[in-house]
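> Model the structure of this input:
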Amino acid sequence: MAKKRRSGHLRVVEKTPEAAAEFEQLQIENLTLINSDAQLDLKRAPVSELPYVQDDLEAMQQLVIEFRFAQKVMPMQLAGRELLEPVWVQFSEGLTLLAIYEEALNYWQTLKLTTAQKKHLDRARTVLMETRALLTGALADLEKDIAAGPVVEEKSTKVQGAKAKGKHAKGRKGQSLSTCYQMKVSLKGAKPPIWRRVIVPAHYSLETMHRFLQFTMGWRDCHLHQFEIGRKFYTAVDENNPHALNEEDYTLFDFNLKKGSKFLYEYDFGDGWLHEIVVEEVIEDSMEDAEIVAGRRACPPEDCGGIRRYSWMVEVLKHPDHPQYEEVCCELPDKFDPAKFRL
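Numbers count the residues shown, from 1 in each chain. Next up is the predicted model:
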């Protein structure tokens, strides 16, 4: 079985020539956890292995999510072929390992399973499909980065400047692109409150802000999202939503934010996770990386049905004698603690 990955903190890194050094901090050796061991044969393994397979898949998924996050906010070409090519090999082997796990899941599906085992099987299959999509996307981008070769520093600086200015820059009197915002991000409807306090540079595009919010809250970026700012909607380019504005074209600086300004970030239109973001302070200080400075309580798990159902699940966890206690435990990640927040 794949070992559990070490926990770590991945900072948001803007696209600068210095990103090569930051890339080293991603601990590429962790990627060896994705390993298609030729001796691994789960085709006829006992169904007791199912929870461990689910744990392995979730660990793999989290690793790939963090790497995909890094791909979105920094130029991977700066890492060089000597780092990127081994990653590409490991991710390719990861797809092979997923195929082995899928064979095991298909076999276990033919057996007579308990309710708890069926829940494990459904969850493992969902994670497997999501991880396969993430790995496929990561491999495609890695191939482009390897083919592109190293980025020239002057060219990278130009890209950085264009990104920072955006297409609609105006800002607020007395502010500049070196301004930072201290913000409180609260999950609406959560009782007790679930929130994060962050400091974010004004030059962040909304697309980068989306990636940072995913990482900050603990989401996996498996669903659609949108920002609502001043009665306008901003999201990724989407042919099915022609009225929304492209989030890549706008930075936080463009919205004339001040102390007390509020806007919304919605994630997963099915479950409807709505985040209220309030500007607590405007700080005239230059910084490149966003920071998480405080928070409370764990992020709900993906696809759990929205804030009302999640609140019910948390209540059930308090009562082991509840008739649906086992069912709820199977839906939640292993050792999930709703009260726990970790920087």
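> SS state for Lys191?
coil (DSSP: H, G, I helix; E, B strand; the rest coil).
> Correct me if wrong: it contacts Trp312.
No. Applying CB atoms under 8 Å, one finds Lys191 not in contact with Trp312, separated by 11.7 Å. Every C-beta, even on glycine, is put in place using the N, C-alpha and C of the backbone.
> Assign the closest residue in space to Thr216 that isn't next to it in sequence to helix, strand or coil.
With CB to CB, 6 or more residues apart in numbering as the criterion, Thr216 has its nearest non-adjacent residue at 5.0 Å, and that residue is Arg196. Assigned with three-state DSSP, Arg196 falls in the strand class.
> what pairs with Arg196 across the strands?
Val185, Gly295 (DSSP bridges).
> so Trp88 touches Ile146, yeah?
Yes. Counting by CB under 8 Å, Trp88 does reach Ile146; the two are 6.7 Å apart.
> Neighbour count: Lys191 and Trp312, which is higher?
Remark: of Lys191 and Trp312, Trp312 carries more neighbours, 14 against 8, as counted by other CB atoms under 10 Å.
> May I have the phi/psi pair for the more buried one?
Dihedral pair for Trp312: phi -70, psi -40, per degrees, to the nearest 10.
> With Gly230 instead?
Dihedral angles (degrees, to the nearest 10) for Gly230: phi 60, psi 40.
> which ones are touching it?
By CB atoms under 8 Å, 6 or more residues apart in numbering, Gly230 lies in contact with 255, 263.
> Show the model's pLDDT score for Ala20.
What the model reports for Ala20 is a pLDDT of 43.
> in this protein, which helix or strand is least confident?
Least confident element among the helices and strands of the chain, by mean pLDDT, DSSP states H and E: helix 153-165 (a mean of 32).
> Setting aside sequence neighbours, what's the nearest residue to Val293?
Nearest one to Val293, counting by CB to CB, 6+ apart, is Arg197 at 5.1 Å.
> Tally up the residues packed near the one you found, please.
Counted with other CB under 10 Å, residues neighbouring Arg197 total 17.
> Tell me which helix or strand the residue lying farthest from the centre of the chain sits in.
Distance from the C-alpha centroid of the chain peaks at Lys112, with 35.1 Å (CA atoms, centre = their mean). Per DSSP states H and E, Lys112 falls between elements, in no helix or strand.
> Ser186 is in contact with Trp195, isn't it?
Yes. Taking contacts as CB under 8 Å, Ser186 lies within contact range of Trp195: 4.3 Å.
> any idea of the pLDDT on the one residue sitting closest to the centre of the chain?
Residue closest to the average C-alpha location in the chain (CA atoms, centre = their mean): Arg220, at 3.9 Å. Per-residue pLDDT puts Arg220 at 87.
> My read is that it contacts Glu130, right?
Yes. Using CB under 8 Å, Arg220 is in contact with Glu130, at 7.2 Å.
> joint contacts of those two?
Common neighbours of Arg220 and Glu130 (CB under 8 Å, 6+ apart) are Gln61.
> What are the contacting residues of the longest strand belonging to the chain?
In the chain, assigned by DSSP state E, the strand with the most residues is strand 273-284. Here strand 273-284 makes contact (CB under 8 Å, 6+ apart) with 174-176, 178-189, 197, 199, 213, 217, 219, 257-267, 300, 306-307.
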